[in-house]
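J.: need a 3D model of the sequence below.
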Amino acid sequence: MPSAITPYELAVAIRGPDLPQLIDVRRKAAFEASEQMIVGASWRDPDDIGNWITSLDANRHVVVYCVHGHQVSQDCAAQLEAAGLGATYLEGGFEQWAAGNHPTTSTPSRSE
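T.: Residues are numbered from 1 along each chain as shown. All right, here's what the predicted structure looks like:
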């Protein structure tokens with residue numbers, strides 16, 4: 001099982017010099033239903049990880065998060081680790097992040 005990062009630890013990390021690659025892997029319906037995401041994150045479809053995994057910088061740590069920090073983000077973090085990337089998932093997911101009043105931003109329009 002991949003390791004987790006707490007919301008507090010992530011909040012510290014995104015203010016530091018070694019900014020992790022922050023990937024929102026909430027399922028498309030959950031992402032589109034939300035008006036917020038973590039500052040600095042980019043959304044990627046967890047079901048399409050095979051296509052976007054190669055676009056990540058192998059020299060930078062990756063933090064993935066889903067709604068609750070369970071199966072979706074843990075599975076993505078495990079796949080990233082298997083591909084040789086340093087990866088963790090956000091403990092408690094976006095819900096715990098938002099509940100802790102950590103910085104969020106509006107989600108981009110997803111009218112594709």
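
J.: who's in contact with stretch 98-112?
T.: 7-8, 10-11, 14, 28, 31-32, 34-39, 43, 92, 97 (C-beta atoms under 8 Å, 6 or more residues apart in numbering). Just so you know, the C-beta spots here come from the backbone N, C-alpha and C atoms, and that holds for glycine as well.

J.: just the residues you listed: which are in helices?
T.: In helices, defined here by DSSP state H, the members of these are P7, Y8, L10, A11, K28, F31, E32, W97.

J.: please name the nearest non-neighbouring residue to the second one.
T.: Okay, so that is Y8. Closest residue to Y8 apart from its sequence neighbours, by C-beta to C-beta, 6 or more residues apart in numbering: G100 at 7.3 Å.

J.: can you name the residues bridging to the residue nearest to the spatial centre of the chain?
T.: Centroid-nearest residue in the chain: V64, 2.6 Å away (criterion: C-alpha atoms, centre = their mean). Beta bridges link V64 to I23, Y89, judged by DSSP bridges.
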